[in-house]
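> okay, predicted coordinates and the sequence, questions at the end:
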Amino acid sequence: MEEVESVKQPMEAAVSRLTEEFKKIRTGRASPHMLDNVFAEVYGQKMPLSHIASVVTLDAQMLQVTPYDPNNLSAIAASIREDSSLGLNPTDDGRVIRIPVPPLTTERRQQIVKQINEKAEDCRISLRNNRHDCLKSLQKEEKNGSISKDELIRAEKRLNEIIDEYQQKIQNLVQEKEKEVMTV
């Protein structure tokens with residue numbers, strides 16, 4: 001039975017990854033996490049924005065990026081502008097980059113909801129794969145005589161309970177994020 005309980009760890013990791021992915025999705029409000037996937041070409045290599053600048057939220061519709069090295073200002077602004085998934089247009093004053101976050105259109109909100117559901121489905125697939133691997137292992141043990149048929153049935157039942165629990169967590173995350181995105 002400990003094998004069934006050990007399946008929780010990768011499932012928890014999958015749900016955590018989904019939560020982190022959801023933080024990066026634009027919701028109409030400015031958030032420093034919006035720029036987590038932005039990489040800028042500085043010092044001859046691509047570096048994550050968080051390593052070369054600080055990102056802060058000035059208000060609900062404005063981000064400010066302050067490069068640690070002012071020479072990287074134009075490279076950072078260009079990398080933000082080129083990331084079409086963000087749809088942002090940064091401006092710089094020679095010291096900092098200000099990024100106005102425009103309100104989302106209804107069409108864009110619907111696209112984001114689709115993106116949310118795709119990411120959630122990827123997470124569900126990961127859960128099902130973990131379940132499948134565990135079941136395979138349990139069936140192999142039953143074949144070898146390590147566990148009885150009754151123990152296999154109990155383990156399958158417990159595994160299904162765990163899957164249902166994590167499916168519900170994913171559903172709650174999706175509903176929460178959809179509500180956040182669709183709120184004008």
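Everything's here; your move.

> three-state assignment of residue 94?
coil (DSSP: H, G, I helix; E, B strand; the rest coil).

> what are the phi and psi angles of residue 112?
With angles defined as degrees, to the nearest 10, residue 112 shows backbone torsions of phi -70, psi -40.

> pLDDT at it, what is it?
The model reports residue 112 with a pLDDT of 86.

> what's the spacing between it and residue 81?
From residue 112 over to residue 81 the distance is 20 Å, taken as Cβ to Cβ, to the nearest Å. Backbone N, C-alpha and C define where each C-beta goes, glycine included.

> now residue 128
Counting by Cβ to Cβ - residue 128 and residue 81 are separated by 39 Å.

> ok, these two, which is more surrounded?
The neighbour comparison of residue 128 against residue 81 (other Cβ atoms under 10 Å) goes to residue 81, with 16 against 12.

> tell me which other helices or strands the helix or strand harbouring the more buried one touches.
Here residue 81, judged by DSSP states H and E, is contained in helix 73-82. With contacts taken as 3 or more Cβ pairs under 8 Å, 6 or more residues apart in numbering; DSSP states H and E, helix 73-82 sits against strand 39-42, helix 49-52, strand 62-67, strand 91-92, strand 97-100.

> so for residue 119, which of those sits nearest?
Comparison of the helices and strands packed on helix 73-82 against residue 119 by Cβ to Cβ identifies strand 39-42 as nearest, at 20.2 Å.

> give me the buried positions along stretch 58-78.
Within stretch 58-78, the residues scored as buried using 16 or more other Cβ atoms under 10 Å are 63, 64, 65, 67, 72, 73, 75, 76, 77.

> who is the second one paired with across the strands?
Each beta-bridge partner of residue 64 is listed here, defined by DSSP bridges: residue 56, residue 98.
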